[in-house]
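> got a sequence here, can you build the structure:
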Amino acid sequence: MDPLSSLFAAFLDHASAAITHHMLHGMHANPQTVVVEHQGQRVSFQHQLWRVRGRSVCSDRRADIATFARRTQAAHEIFEQACQERRANPQPALNYRPMLNMYCAAAAEFKPTQASIQWTDSASGPTTGEDCRLAQAALIGENTPETRAQRKKACGY
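Residues are numbered from 1 along each chain as shown. Here you go, the predicted structure:
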(Lines give C-alpha, C1' and ligand atoms only; values in the text may rest on other atoms or scores of the structure.)
Protein backbone atom coordinates (compact mmCIF):
# COMPACT_ATOMS: atom_id res chain seq x y z
CA MET A 1 0.00 0.00 0.00
CA ASP A 2 1.41 3.38 -0.88
CA PRO A 3 2.05 5.97 1.89
CA LEU A 4 -0.86 8.20 0.89
CA SER A 5 -3.32 5.29 0.98
CA SER A 6 -1.92 4.18 4.36
CA LEU A 7 -2.35 7.68 5.76
CA PHE A 8 -5.92 7.93 4.43
CA ALA A 9 -6.77 4.47 5.83
CA ALA A 10 -5.37 5.45 9.25
CA PHE A 11 -7.40 8.67 9.19
CA LEU A 12 -10.62 6.80 8.32
CA ASP A 13 -9.88 4.22 11.02
CA HIS A 14 -9.39 6.92 13.63
CA ALA A 15 -12.45 8.92 12.54
CA SER A 16 -14.74 5.88 12.50
CA ALA A 17 -13.50 4.79 15.95
CA ALA A 18 -14.22 8.27 17.33
CA ILE A 19 -17.70 8.35 15.79
CA THR A 20 -18.48 4.84 17.05
CA HIS A 21 -17.29 5.74 20.56
CA HIS A 22 -19.41 8.92 20.53
CA MET A 23 -22.52 7.04 19.36
CA LEU A 24 -22.11 4.21 21.87
CA HIS A 25 -21.51 6.69 24.69
CA GLY A 26 -24.62 8.68 23.70
CA MET A 27 -26.70 5.51 23.61
CA HIS A 28 -25.29 4.40 26.97
CA ALA A 29 -24.42 1.05 25.40
CA ASN A 30 -22.12 0.17 28.30
CA PRO A 31 -23.60 -0.23 31.79
CA GLN A 32 -23.34 2.97 33.83
CA THR A 33 -23.31 2.71 37.64
CA VAL A 34 -25.07 5.39 39.68
CA VAL A 35 -24.86 5.81 43.48
CA VAL A 36 -27.27 8.24 45.18
CA GLU A 37 -27.78 9.19 48.83
CA HIS A 38 -31.48 9.47 49.61
CA GLN A 39 -32.85 10.05 53.12
CA GLY A 40 -29.81 8.42 54.70
CA GLN A 41 -29.87 5.42 52.37
CA ARG A 42 -27.06 4.70 49.88
CA VAL A 43 -28.79 3.54 46.70
CA SER A 44 -26.87 2.06 43.79
CA PHE A 45 -28.12 0.93 40.39
CA GLN A 46 -26.97 0.49 36.82
CA HIS A 47 -28.52 1.64 33.59
CA GLN A 48 -27.76 0.61 30.04
CA LEU A 49 -29.29 1.73 26.76
CA TRP A 50 -31.34 4.24 28.78
CA ARG A 51 -33.00 1.54 30.88
CA VAL A 52 -32.51 0.93 34.61
CA ARG A 53 -31.33 -2.63 35.13
CA GLY A 54 -33.79 -3.82 37.79
CA ARG A 55 -31.61 -6.62 39.20
CA SER A 56 -28.78 -4.13 39.78
CA VAL A 57 -30.79 -1.91 42.15
CA CYS A 58 -29.14 -2.16 45.58
CA SER A 59 -27.62 -5.49 44.54
CA ASP A 60 -24.73 -4.96 46.94
CA ARG A 61 -27.15 -5.41 49.90
CA ARG A 62 -29.19 -8.46 48.82
CA ALA A 63 -27.78 -10.59 51.66
CA ASP A 64 -29.14 -8.20 54.32
CA ILE A 65 -32.87 -8.33 53.61
CA ALA A 66 -33.89 -5.55 56.02
CA THR A 67 -31.35 -3.08 54.58
CA PHE A 68 -32.08 -4.26 51.04
CA ALA A 69 -35.80 -3.60 51.52
CA ARG A 70 -35.20 -0.07 52.89
CA ARG A 71 -32.84 0.74 50.05
CA THR A 72 -35.14 -0.56 47.32
CA GLN A 73 -37.92 1.60 48.80
CA ALA A 74 -35.55 4.58 48.60
CA ALA A 75 -34.63 3.64 45.01
CA HIS A 76 -38.29 3.62 44.02
CA GLU A 77 -38.71 7.09 45.55
CA ILE A 78 -35.63 8.31 43.66
CA PHE A 79 -37.04 7.05 40.35
CA GLU A 80 -40.43 8.68 41.02
CA GLN A 81 -38.88 12.02 42.07
CA ALA A 82 -36.49 12.07 39.10
CA CYS A 83 -39.40 11.45 36.74
CA GLN A 84 -41.58 14.15 38.33
CA GLU A 85 -38.76 16.73 38.45
CA ARG A 86 -37.82 16.17 34.82
CA ARG A 87 -41.45 16.40 33.71
CA ALA A 88 -41.88 19.64 35.65
CA ASN A 89 -38.66 21.18 34.27
CA PRO A 90 -38.18 20.31 30.58
CA GLN A 91 -34.68 21.00 29.28
CA PRO A 92 -33.30 21.46 25.78
CA ALA A 93 -30.38 19.13 26.64
CA LEU A 94 -29.61 16.32 24.24
CA ASN A 95 -30.16 13.56 26.80
CA TYR A 96 -33.22 15.12 28.50
CA ARG A 97 -35.81 12.90 26.78
CA PRO A 98 -33.93 9.58 27.25
CA MET A 99 -33.30 10.37 30.94
CA LEU A 100 -36.96 11.33 31.44
CA ASN A 101 -38.11 8.09 29.81
CA MET A 102 -35.58 6.02 31.77
CA TYR A 103 -36.62 7.36 35.19
CA CYS A 104 -40.35 7.33 34.43
CA ALA A 105 -40.15 3.74 33.18
CA ALA A 106 -38.20 2.74 36.30
CA ALA A 107 -40.77 4.49 38.52
CA ALA A 108 -43.56 2.52 36.83
CA GLU A 109 -41.82 -0.86 36.52
CA PHE A 110 -39.50 -1.23 39.52
CA LYS A 111 -41.07 -3.05 42.45
CA PRO A 112 -39.27 -2.47 45.75
CA THR A 113 -38.81 -5.33 48.17
CA GLN A 114 -41.27 -5.34 51.07
CA ALA A 115 -39.80 -6.81 54.25
CA SER A 116 -40.43 -6.37 57.92
CA ILE A 117 -38.64 -8.37 60.56
CA GLN A 118 -39.90 -8.25 64.12
CA TRP A 119 -39.11 -10.22 67.24
CA THR A 120 -41.96 -11.83 69.09
CA ASP A 121 -42.08 -12.99 72.65
CA SER A 122 -43.52 -16.46 72.80
CA ALA A 123 -44.35 -17.94 76.19
CA SER A 124 -45.30 -21.25 74.59
CA GLY A 125 -41.75 -22.56 74.03
CA PRO A 126 -39.87 -22.77 70.74
CA THR A 127 -41.29 -20.61 67.96
CA THR A 128 -42.26 -21.64 64.46
CA GLY A 129 -39.86 -22.38 61.61
CA GLU A 130 -40.83 -19.05 60.04
CA ASP A 131 -39.64 -17.16 63.14
CA CYS A 132 -36.35 -19.06 62.96
CA ARG A 133 -35.89 -18.21 59.26
CA LEU A 134 -36.65 -14.55 59.95
CA ALA A 135 -34.13 -14.50 62.79
CA GLN A 136 -31.48 -16.09 60.58
CA ALA A 137 -32.14 -13.53 57.83
CA ALA A 138 -32.10 -10.57 60.21
CA LEU A 139 -28.84 -11.57 61.82
CA ILE A 140 -26.80 -12.54 58.76
CA GLY A 141 -23.17 -11.64 59.26
CA GLU A 142 -23.56 -10.94 62.98
CA ASN A 143 -22.00 -13.40 65.41
CA THR A 144 -22.13 -11.93 68.88
CA PRO A 145 -23.37 -13.49 72.14
CA GLU A 146 -26.59 -11.44 71.81
CA THR A 147 -27.30 -12.56 68.24
CA ARG A 148 -26.53 -16.19 69.12
CA ALA A 149 -29.02 -15.93 72.01
CA GLN A 150 -31.66 -14.42 69.71
CA ARG A 151 -31.15 -17.22 67.16
CA LYS A 152 -31.34 -19.82 69.93
CA LYS A 153 -34.58 -18.35 71.24
CA ALA A 154 -36.18 -18.08 67.79
CA CYS A 155 -35.03 -21.48 66.57
CA GLY A 156 -35.39 -23.44 69.80
CA TYR A 157 -31.81 -24.74 70.03
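> what values do phi and psi take at the nearest residue to Phe45 once chain neighbours are set aside?
Excluding its sequence neighbours, the residue lying closest to Phe45 (Cβ to Cβ, 6 or more residues apart in numbering) is Val57, at 4.4 Å. Backbone N, C-alpha and C define where each C-beta goes, glycine included. Val57 adopts backbone torsions of phi -70, psi 120, taken as degrees, to the nearest 10.
> ok, the one 3 residues further on next?
The phi and psi values for Asp60, taken as degrees, to the nearest 10, are phi -70, psi -10.
> so what's the residue count around the closest residue to it other than its chain neighbours?
Using Cβ to Cβ, 6+ apart and skipping residues adjacent in sequence, the residue nearest Asp60 is Ser44, 6.0 Å away. Ser44: 16 surrounding residues under other Cβ atoms under 10 Å.
> again with Thr33
10.
> one more: the one 4 residues further on?
Using other Cβ under 10 Å, the number of residues around Glu37 comes to 10.
> mean confidence for the helix or strand hosting it?
For Glu37, the element it lies in under DSSP states H and E is strand 32-38. Averaging pLDDT along strand 32-38 gives 91.
> what does that strand contact?
For strand 32-38, contacts defined as Cβ atoms under 8 Å, 6 or more residues apart in numbering pick out 42-48, 56, 74-75, 77-78.
> relative to Ala29, which of those is nearest.
Distances from Ala29 to the contacts of strand 32-38, taken as Cβ to Cβ, are shortest for Gln48 (7.1 Å).
> how near is that closest one to Ala108?
Distance from Gln48 to Ala108, counting by Cβ to Cβ, to the nearest Å: 18 Å.
> the more surrounded of the two?
Taking other Cβ under 10 Å, Gln48 and Ala108 do not tie; Gln48 has more neighbours (14 against 10).
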